[in-house]
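1. Structure, please.
(chains A and B)
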Amino acid sequence: QSVLTQPPSASGTPGQRVTISCSGSRSNIGSNYVYWYQQLPGTAPKLLIFSNNQRPSGVPDRFSGSKSGTSASLAISGLRSEDEADYYCAVWDDSLSGRVFGGGTKLTVL
Amino acid sequence: EVQLVESGGGLVKPGGSLRLSCVASGITFSPYSMNWVRQAPGKGLEWVSCISGNSRNTYYADSVRGRFTISRDNAKNSLYLEMNSLRAEDTAVYYCAREGLSQEFDYWGQGTLVTVSS
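-> This is a model prediction of the structure:
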């Protein structure tokens, strides 16, 4: 069981906006930057958001991240079929002295 | 072309050992921290270990501390994971990932499968 809590699943129809939450504690999200990764079926994870809300070059601006207190969120607007994937939040945990990942959220585009 | 290529996975018996390698090409390797992340079949991502660019600092998940050892050879652009006392629960695809300047995992390998079974 991860120290970061994500909903196991989320869904939306094309064009909709969906959000995925990531809940932690003071020792992780409350103290450090949050990162988001996208894993398409059968592939390695890919960086989506870094430092809470920064997008690497090449990531569409449909993807955005935010953080408040001990929680973070990933928002995907203008949902597309190719967004169907697993999404993971990640953060450094000061108490564990290590990186932790959320349990992952499987996004289905209906 | 940017590439991180893992190797060394395979089938090993419980209690056995295995050494994973990750070779980087097309990216700057030596100044950056490197990580191992694993994913058990049908499960989520689990961070395993990290090593700083100069090898002075290493970090481990509680689940592998004392059994796994991370190391690197900057002259060979290579990262390693020595895995001892392997258990069934260590069965997973193991990914190497470079840690960028903002502590993001910016480049990932394709993974190598480790199966621990009798």
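2. Tell me where the chain is predicted with low confidence.
-> The chain I'm using is chain A. By pLDDT under 70, chain A contains no weakly predicted segment.
3. what residues does chain A put near chain B?
-> A:2, A:33, A:35, A:37, A:39, A:44-47, A:50-51, A:54, A:56, A:86, A:88, A:90, A:92, A:96-104 (C-beta under 8 Å from any C-beta of the partner chain). For the C-beta atoms, the positions are set from N, CA and C on the backbone; glycine is no exception.
4. In PyMOL, select just the buried ones from those residues.
-> Here is the PyMOL selection string for the buried members of the residues of chain A next to chain B, based on 16 or more other C-beta atoms under 10 Å in any protein chain shown:
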select buried, chain A and resi 2+33+35+37+39+44+45+46+47+50+86+88+90+92+98+99+100+101+102+103+104
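5. Cross the residues of chain A next to chain B against helices and list the overlap.
-> Among those, DSSP state H puts none in helices.
6. Show me the residues of chain A next to chain B that map onto strands.
-> Assigned to strands by DSSP state E, the following of these qualify: A:35, A:37, A:39, A:46-47, A:86, A:88, A:90, A:92, A:98-101.
7. Any chance of the residues you listed in TSV with distance to B:Q3 as columns?
-> Output for those, formatted as TSV (distance: C-beta to C-beta, whole Å):
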residue	distance to B:Q3
A:Y35	22
A:Y37	19
A:Q39	19
A:K46	15
A:L47	16
A:D86	23
A:Y88	23
A:A90	23
A:W92	27
A:G98	26
A:R99	23
A:V100	27
A:F101	23
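8. Go through the residues you listed and name the one nearest B:N77.
-> Relative to B:N77, the closest of those is A:L47; by C-beta to C-beta it sits at 20.4 Å.
9. List the residues that contact residue 27.
-> I'll assume chain A. A:S27 makes contact with A:D93, A:D94, A:S95, A:L96, according to C-beta atoms under 8 Å, 6 or more residues apart in numbering or on different chains.
10. nope, chain B please
-> Counted by C-beta under 8 Å, 6+ apart, B:I27 has contacts B:V2, B:Q3, B:L4, B:R98, B:Y107.
11. Tell me which helix or strand it sits in.
-> Using DSSP states H and E, B:I27 falls within no helix or strand.
12. phi, psi of the most centrally placed residue in chain B?
-> Nearest residue to the geometric centre of chain B (C-alpha atoms, centre = their mean): B:W36, 3.1 Å. Dihedral angles phi and psi of B:W36 (degrees, to the nearest 10) take the values phi -120, psi 130.
13. my read: A:Q54 touches B:G100, true?
-> No - if you go by C-beta atoms under 8 Å, A:Q54 and B:G100 don't touch, sitting 11.0 Å apart.
14. For stretch B:99-106, give me every contacting residue.
-> Stretch B:99-106 has contacts (C-beta under 8 Å, 6+ apart) with A:33, A:35, A:37, A:45, A:47, A:50-51, A:54, A:56, A:90, A:92, B:32-35, B:37, B:50, B:97-98.
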